[in-house]
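Fold the following.
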Amino acid sequence: MLTRARTSPGEEALPVIRLHDLRDTHATLLLTDGVPVKVVSERLGHANATITLTVYQHVLPGMGHEAADRFAALLDG
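Down below sits the predicted model:
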């Protein structure tokens, strides 16, 4: 039925959304909302958080700068 809906004349094609795409979106949204990497890693079933960090490092590009700023603030304390 979904295939027929995608090919109906005059209708916009529906995007193909794979289960993996939903999983990726889930992880990305959690990480960008500040959920700890360890928690996201456990939800995804990764063997360790390093796998999660490797796959999703692009999601938090400012993470290094934020850590440096937080550390500087601690030193200024």
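
can you pull out the helices in this structure?
With helices called from DSSP state H, the chain shows them at 2-7, 19-32, 37-44, 49-56, 63-76.

Need these in JSON lines (columns: mean pLDDT, distance to Ala13 and mean neighbour count).
To be clear about C-beta, it is placed using only N, CA and C from the backbone, and glycine gets the same treatment. Output for those, formatted as JSON lines (pLDDT from 0 to 100; distance: least, C-beta to C-beta, whole Å; neighbours: other C-beta atoms under 10 Å):
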{"stretch": "helix 2-7", "mean pLDDT": "56", "distance to Ala13": "5", "mean neighbour count": "9"}
{"stretch": "helix 19-32", "mean pLDDT": "93", "distance to Ala13": "16", "mean neighbour count": "13"}
{"stretch": "helix 37-44", "mean pLDDT": "96", "distance to Ala13": "30", "mean neighbour count": "16"}
{"stretch": "helix 49-56", "mean pLDDT": "94", "distance to Ala13": "29", "mean neighbour count": "15"}
{"stretch": "helix 63-76", "mean pLDDT": "87", "distance to Ala13": "37", "mean neighbour count": "9"}
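
quick one: Ala47 and Val40, what's the gap?
Per C-beta to C-beta, to the nearest Å, Ala47 is found 14 Å from Val40.

where do the contact lists of these two overlap?
Common contacts of Ala47 and Val40 (C-beta atoms under 8 Å, 6 or more residues apart in numbering): none found.

Leu53: what's it in contact with?
Taking C-beta under 8 Å, 6+ apart as the criterion, Leu53 is in contact with Val37.

ok, it to Thr25 distance?
Distance of Leu53 to Thr25, computed by C-beta to C-beta: 18 Å.

likewise Gly77?
Using C-beta to C-beta, one obtains 39 Å as the distance from Gly77 to Thr25.

Kindly report the same for Thr54.
Here Thr54 is placed at a distance of 18 Å from Thr25 (C-beta to C-beta).

what's the answer for Gly45, then?
16 Å.
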